[in-house]
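> for reference, the sequence and a predicted model appear below.
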Number of protein chains: 2
Amino acid sequence: MQGRWGGGPAKWWHGEFRGCGYRITIPRQIILQVLDESKEHLSAEDIYLKVHNIYPAIGLTTVYRTLELLINMGLVFKFDFGDGRARYELSRGAKEPSHHHHLICTKCGRIIDYTDFVDEELELIKKTEKELSKKYNFEIKNHTIQFYGLCDECSDKEK
Amino acid sequence: MQGRWGGGPAKWWHGEFRGCGYRITIPRQIILQVLDESKEHLSAEDIYLKVHNIYPAIGLTTVYRTLELLINMGLVFKFDFGDGRARYELSRGAKEPSHHHHLICTKCGRIIDYTDFVDEELELIKKTEKELSKKYNFEIKNHTIQFYGLCDECSDKEK
DNA sequence: CTTATAATGATAATCATTTTCAATAATATA
DNA sequence: TATATTATTGAAAATGATTATCATTATAAG
């Protein structure tokens, strides 16, 4: 089926799929499109609903399966912010600065991205990674840094 | 009931409970005891089973409820290592250096604590926390740093 | 166009965590 | 110490996210 969906220009990730022997399907294309267009921290269901608007035949199962695939390919990061559902983000955003961390409000669940101090931080992380991988013989693939606390509004409400 | 269980010396956390208006009960005492005696990263069920050995009347529900209470009191940290179940650790361990981070093997689930670089790290974290709380008006309570990758053994197996 | 098979989606199953609610136990008070 | 108050407990059922099953469908190669 090459009509309403498959027609656009080949995307950067087509090669990655082919290289891994994976097929390029409409659900996969739209899931990637949705991830690429969203700056937010989407849950599987968020993604399902957004894809569903574009391609109503999508199944939730396929969303989960595709996300797992993308995680294994290194195209997507999975996060847990402690509210019982996982969140997913494209690892190399086309737009924003890709490397960022999260401030998580433990009251309302709001998530703030920040990119401040990433340079200094990355320096420490790199150094740490190097030493830790040596000491524990542990092959580090990636890391997360998260700050938990109360956001602006929730902090006010407490008073 | 002051016989088989409640008899020991008053613990450091009794005051905290009283101060919050919480009752000191046998299940709570034993859950804290189990957390204190374990160096591991216990899931709710792990804790349930260990408590069950000492106090078979315990219910899983009580474990979950007590853990939530302890988290809110700041006595316990909750972690998510990506395997679908939460892990719990006493925040101020009586024994080991309390502040540490985790290396998580994404293949076998092994978790390695490390305390290396904590000083340098804490310095950066403190600085970051200060600036972030100013910039975003976000009241930071705590943070997590986790490294994901392959442990010694799993790394070997891949080859 | 045909074929082989990877991928899909509806459904059911799983499993950690929460909710409900009557029974019980911890504390304050008499 | 006995009693009243009410926080806490535990069994069972409910919830909700994620995963497994399996017949059907669509992709990519020839």
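On my side now, so go ahead. From a predicted model like this one, the values you see are computed outputs, not experimental measurements.

> what residues of the lengthiest helix in chain A count as buried?
Longest helix in chain A, counting residues (DSSP state H): helix A:118-136. Neighbour counts over helix A:118-136 (16 or more other Cβ atoms under 10 Å in any protein chain shown) mark A:118, A:121, A:124-125, A:128-129, A:132-133, A:136 as buried. The way it works is simple: take the backbone N, C-alpha and C, and place the C-beta from them, glycine included.

> and the next element down the chain from it?
Note on helix A:118-136: by DSSP states H and E, the next helix or strand toward the C-terminus is strand A:139-150.

> pLDDT of that following strand, averaged?
The average of the pLDDT scores along strand A:139-150 is 90.

> also stretch A:45-54?
98.

> are that stretch and DNA strand C in contact anywhere?
No. Stretch A:45-54 is not in contact with DNA strand C by Cβ under 7 Å from any atom of the strand; minimum separation 8.6 Å.

> buried set for that stretch?
In terms of neighbour count (16+ other Cβ under 10 Å), stretch A:45-54 has its buried residues at A:46-48, A:50-52.

> before we move on, what about stretch A:149-159?
Residues A:149-151, A:154-155 are the ones in stretch A:149-159 that count as buried (16+ other Cβ under 10 Å).

> model confidence for A:Ile111, exactly?
Per-residue confidence at A:Ile111 stands at 93 (pLDDT).

> return the residues in contact with it.
By Cβ atoms under 8 Å, 6 or more residues apart in numbering or on different chains, the residues touching A:Ile111 are A:41, A:81, A:87, A:102-105.

> separation between it and DNA strand D?
Distance, A:Ile111 to DNA strand D, by Cβ to the nearest atom of the strand, to the nearest Å: 15 Å.

> and for A:Ile145?
Here A:Ile145 is placed at a distance of 21 Å from DNA strand D (Cβ to the nearest atom of the strand).

> now for the buried residues of stretch A:45-54, which pair is the farthest apart?
Spatially, the most separated pair among these is A:Asp46 and A:His52, at 10.6 Å (Cβ to Cβ).

> tell me if I'm right that A:Asp36 and A:Leu90 touch.
Yes. Under the criterion of Cβ atoms under 8 Å, A:Asp36 makes contact with A:Leu90 at 5.9 Å.

> more crowded one of these two?
Shown here are A:Asp36 and A:Leu90; by other Cβ atoms under 10 Å in any protein chain shown, A:Leu90 has more neighbours (22 against 16).

> show me the contacts for the more buried one.
A:32, A:35-36, A:75-77.

> which ones among those lie within strands?
Among the contacts of A:Leu90, DSSP state E puts A:76-77 in strands.

> just the buried ones from the contacts of A:Leu90?
Those of the contacts of A:Leu90 that meet the buried threshold are A:32, A:35-36, A:75-77, by 16+ other Cβ under 10 Å.

> contacts only, for A:Ala88.
Quick fix: residue A:88 reads Tyr, not Ala. Counting by Cβ under 8 Å, 6+ apart, A:Tyr88 has contacts A:35, A:41-44, A:47, A:67, A:70-71, A:76-79.

> picking that back up, got CSV for the buried ones among the contacts of A:Leu90, with pLDDT and distance to B:Tyr22 too?
Shown next, in CSV, are these (pLDDT from 0 to 100; distance: Cβ to Cβ, whole Å):
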residue, pLDDT, distance to B:Tyr22
A:Leu32, 97, 49
A:Leu35, 96, 44
A:Asp36, 94, 48
A:Leu75, 94, 47
A:Val76, 95, 42
A:Phe77, 94, 38
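
> report pLDDT for A:Thr106.
The model reports A:Thr106 with a pLDDT of 90.

> I'd assumed A:Tyr148 was in contact with it.
Yes. Counting by Cβ under 8 Å, A:Thr106 does reach A:Tyr148; the two are 5.3 Å apart.
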